[in-house]
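**Student:** predicted model and sequence below, questions to follow.
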Amino acid sequence: EVQLVQSGAEVEKPGESLKISCRASGYSFTSHWIGWVRQMPGKGLEWMGIIYPGDSDTRYSPSFQGQVTISADKSISTAYLQWSSLKASDTAMYYCARQNSGYSAFDYWGQGTLVTVSS
Amino acid sequence: DIQMTQSPSSLSASVGDRVTITCRASQSTRSYLNWYQQKPGKGPKLLIYLASSLQSGVPSRFSGSGFGTDFALTISSLQPEDFATYYCQQTYSTPYTFGQGTNLEIK
């Protein structure tokens, strides 16, 4: 059974760094792109970027390029999303999702990680 | 970036109704168009991929159509569990942008 299990909710202060995780199981981690999607409170879905754990090839949305870093550790089948300096506007739910190899849709999703940035 | 525009942004309907949500792309995405359902407090769920292919386990009352720039998601007979927000997404070129969402409410 394919599962994506994300790390727990975080409360951080502006300017702090943060790394959240997404642990995959039930499929070949290195054979599928895995991506991150932001959902700000009461808003829609925003595609942030994807990584191919097999070779760490990464694609970012221009809206998020330079604002976050997506990485993966294939030895533990885990993808990461990190910030070096959080802003209040980073407050959101963040989902990881597996991209299907054949048609690029996100066919399995994590449960979401709520990140709250507040002084 | 390819911009995705959904219509309407919100929709009120009754159980048993047939409803259609449309999605327009700012340039051709061929058939690389997906539809997701999201219920309050939950993550999205893939319903339709490649414009018209039904994801495994999704009820057959959901169907998708379209090619190029104009797409539609149709629910043939609304069930109580279908009241949710629906998003289209193009996966033709990165960034794989989503539409703004359509909130389907009970009338």
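**Tutor:** Good, I have the coordinates. All values derive from a computational prediction rather than experimental measurement.

**Student:** not counting its neighbours along the chain, what's nearest the spatially most central residue of chain B?
**Tutor:** Geometric centre of chain B, nearest residue: B:Trp35, 3.8 Å, by Cα atoms, centre = their mean. Leaving aside its sequence neighbours, B:Trp35 sits nearest to B:Ile48 (Cβ to Cβ, 6 or more residues apart in numbering or on different chains; 4.1 Å). No exception for glycine: its C-beta is placed from N, CA and C like everyone else's.

**Student:** what of A:Phe106?
**Tutor:** A:Ala97 (3.6 Å).

**Student:** would you list every one of the strands in the chain?
**Tutor:** Looking at chain A here, since you left the chain open. For chain A, applying DSSP state E gives strands covering A:3-6, A:10-12, A:18-25, A:34-39, A:45-52, A:57-60, A:69-73, A:78-83, A:92-99, A:106-109, A:113-117.

**Student:** nope, chain B please
**Tutor:** So, for chain B - with DSSP E - the strands run B:4-7, B:10-13, B:19-25, B:33-38, B:45-49, B:53-54, B:62-67, B:70-75, B:85-90, B:102-106.

**Student:** picking that back up, the residue nearest to B:Trp35: what's it in contact with?
**Tutor:** B:Ile48 makes contacts with B:Asn34, B:Trp35, B:Leu54, B:Gln55, B:Val58, B:Phe62, B:Ser63, B:Gly64, B:Leu73, as judged by Cβ atoms under 8 Å, 6 or more residues apart in numbering or on different chains.

**Student:** next up, the contacts around the closest residue to the fourth one other than its chain neighbours.
**Tutor:** In other words, B:Gln55. Once flanking residues are discounted, B:Gln55 sits nearest to B:Leu46: 4.8 Å by Cβ to Cβ, 6+ apart. Contact analysis of B:Leu46 by Cβ under 8 Å, 6+ apart lists A:Ala105, A:Phe106, A:Asp107, B:Asn34, B:Trp35, B:Tyr36, B:Gln55, B:Val58.

**Student:** and which of those residues is nearest to A:Asp73?
**Tutor:** Taking Cβ to Cβ as the measure, A:Asp73 sits nearest to A:Phe106 out of these, at 20.6 Å.

**Student:** can you tell me the closest non-neighbouring residue to the residue positioned nearest the centre of chain A?
**Tutor:** Against the mean C-alpha coordinate of chain A, by Cα atoms, centre = their mean, the closest residue is A:Trp36 at 3.4 Å. Using Cβ to Cβ, 6+ apart and skipping the chain neighbours, the partner closest in space to A:Trp36 is A:Met48 (4.4 Å).

**Student:** contacts only, for the one you found.
**Tutor:** Per Cβ under 8 Å, 6+ apart, neighbours of A:Met48: A:Gly35, A:Trp36, A:Val37, A:Arg38, A:Tyr60, A:Ser61, A:Ser63, A:Phe64, A:Val68, A:Ile70, A:Leu81, A:Tyr94.
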